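Asks: The sequence and its predicted three-dimensional model are supplied below.
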Amino acid sequence: MTSRTLPGVEEIRAYLRPFDFFARYVNGPDEGEVYVDAHAVRFRATLALLEDLPGGARVLELGAVPYYMTILMRRYLGVHVDPISFYEVEGAQTAVHEVRSAASGERHAFAHVPVNVERDPFPFEDGGHDVVACCEIVEHLLINPSHMLFEAHRVLRPGGLLIISTPNVLRWANVLALLRGQNIYDRYHGNGIYGRHNREYTLDEVTTLVDACGFVIERAETRNVMTPAAATPPVASGPGRADTIFVRARADRQRKMACPGSLYVLVDEYRNVVRPAITMGLDEMGHIGRGWHDLEFDGERGCRWSHQRAVFSLRASGGRTIRLEICCHHPDIASEPVNVTLVVNGVPAGERRIDRYGWQEIDFDFDPRQAGTTLECALEVSRTWCPGDTGGGDMRSLGVRVSRIALR
């Protein structure tokens with residue numbers, strides 16, 4: 001464990017105020033000073049979550065603009081930080097952000113890497129980072145925080161750290177506002193769809209999501225880091241009523257793009273086709289549409305039953321064969337085989353005959369000239385069966401079970 005002396009809140013304020021990001025790229029230096037004054041306590045609390053990092057550790061910071069947390073981590077933790085910009089994905093043009101301190105002459109140049117963290121794969125290799133810092137960003141997402149956590153897990157080394165801070169929807173200020181008949185939802189924002197808080201969370205919601213996506217939580221709490229002490233009544237110190245959620249977790253389990261029912265609904269309506277292969281129960285969200293039953297497990301193998309027709313999409317990546325890991329359970333399959341057909345971008349890619357139980361791989365070749373950027377696929381089964389017909393209460397109409405689909 002590395003021993004460090006972290007700066008106090010006033011030292012952080014004095015150090016960051018002279019930096020000119022807001023003067024250069026936003027609305028002037030006054031806004032920058034207001035931002036630093038408001039967030040200095042949170043900055044200090046986030047540094048404390050990382051003070052045991054070894055020098056030279058590699059940190060991926062999501063939503064790093066205006067880079068003040070980046071600068072603090074470099075200076076006081078001695079780590080290497082890869083910053084990703086998020087809020088500028090809608091239109092920023094600059095390739096490099098320069099940030100300078102008028103007081104010390106300190107200068108930083110940050111490559112502007114715009115990534116929509118709820119839709120895009122992160123532009124980094126698997127397992128290359130020791131930490132992913134997600135500070136005050138999850139509340140700005142619109143549709144899919146699980147994609148961000150899936151990608152965070154992917155780029156972390158085994159056992160790497162995830163740090164999250166986000167406003168607590170159950171904070172005392174919100175409770176008081178509701179009691180006064182005031183609306184707690186954020187106002188519409190001139191900086192675009194990600195400029196406002198689109199959804200705030202409870203501590204239980206954040207920990208449920210982080211745990212479901214394959215992280216092991218080490219620390220989870222709420223703390224008052226944004227509310228002036230004089231404005232914080234005693235009840236604010238009660239369980240879950242402080243203004244900000246902090247979570248520290250490790251990538252110690254299998255990563256998953258999990259969709260807890262308390263946070264997600266109608267997942268099959270969501271499309272975000274970014275991968276050439278999907279595994280049920282891990283990363284199928286955004287790639288499957290109508291025609292699938294809920295996720296099940298055959299031992300440790302995640303799988304979904306199809307209806308007679310089920311649709312999915314893959315990102316084209318130069319392959320010309322789609323391989324499916326499937327299992328057929330029709331009771332009379334030995335005497336009456338099942339035919340499985342695959343249609344790719346509206347063109348039949350062939351038919352395969354299945355005449356036995358058990359998991360097997362079947363391949364479908366298609367003309368790569370018809371691929372484009374996305375393969376829109378339909379799996380069609382010649383006939384379905386109903387488990388209830390052989391006893392029991394399961395009256396679903398089942399086609400085949402599918403575990404994995406991959407472009408090769």
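Replies: Thanks, I have it.

Asks: Can you tell me how far Ala23 is from Pro83?
Replies: 19 Å (Cβ to Cβ, to the nearest Å). For the C-beta atoms, the positions are set from N, CA and C on the backbone; glycine is no exception.

Asks: Settle it for me: which of the two has more neighbours?
Replies: Applying other Cβ atoms under 10 Å to Ala23 and Pro83 shows that Pro83 carries more neighbours, namely 23 against 16.

Asks: any idea how far that one lies from Arg154?
Replies: Taken as Cβ to Cβ, the span from Pro83 to Arg154 is 18 Å.

Asks: and the closest residue in space to Val267 that isn't next to it in sequence, what does it touch?
Replies: Spatial nearest neighbour of Val267, excluding adjacent residues (Cβ to Cβ, 6 or more residues apart in numbering): Cys259 at 5.1 Å. By Cβ atoms under 8 Å, 6 or more residues apart in numbering, the contact list for Cys259 reads 146, 212, 267, 285.

Asks: Neighbour-wise, give me the winner out of these.
Replies: Result: Ser146 is most packed of the contacts of Cys259 (other Cβ under 10 Å), 24 neighbours.

Asks: In three-state terms, label it for me.
Replies: helix (DSSP: H, G, I helix; E, B strand; the rest coil).

Asks: which residues sit in contact with it?
Replies: Ser146 touches 209, 212-213, 257-259, 264, 285, counting by Cβ under 8 Å, 6+ apart.

Asks: cool, His147 as well?
Replies: His147 makes contacts with 117-119, 257, 272, 285-286, as judged by Cβ under 8 Å, 6+ apart.

Asks: Quick check: which element contains Pro123?
Replies: If you go by DSSP states H and E, Pro123 is not part of any helix or strand.

Asks: didn't it look like it was pressed against Val113?
Replies: Yes - here Pro123 lies in contact with Val113, judged by Cβ atoms under 8 Å, at a distance of 6.7 Å.

Asks: Would you mind telling me which of those two has more residues around it?
Replies: Using other Cβ under 10 Å, the more surrounded residue of Pro123 and Val113 is Val113, with 16 against 10.

Asks: Show me which positions of the lengthiest helix in the chain end up buried.
Replies: Counting by DSSP state H, the longest helix found in the chain is helix 29-49. For helix 29-49, a neighbour-count test (16 or more other Cβ atoms under 10 Å) marks 29, 32, 35-36, 39-47, 49 as buried.

Asks: following it, which helix or strand shows up next?
Replies: Immediately after helix 29-49, counting by DSSP H and E, sits strand 58-62.

Asks: Which secondary structure elements does that next one sit against?
Replies: strand 80-84, strand 129-135, helix 145-155 (3 or more Cβ pairs under 8 Å, 6 or more residues apart in numbering; DSSP states H and E).

Asks: need those in JSON lines with mean pLDDT and distance to Ile405, can you?
Replies: Converted to JSON lines, these look like this (pLDDT from 0 to 100; distance: least, Cβ to Cβ, whole Å):
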{"stretch": "strand 80-84", "mean pLDDT": "96", "distance to Ile405": "29"}
{"stretch": "strand 129-135", "mean pLDDT": "98", "distance to Ile405": "28"}
{"stretch": "helix 145-155", "mean pLDDT": "97", "distance to Ile405": "17"}
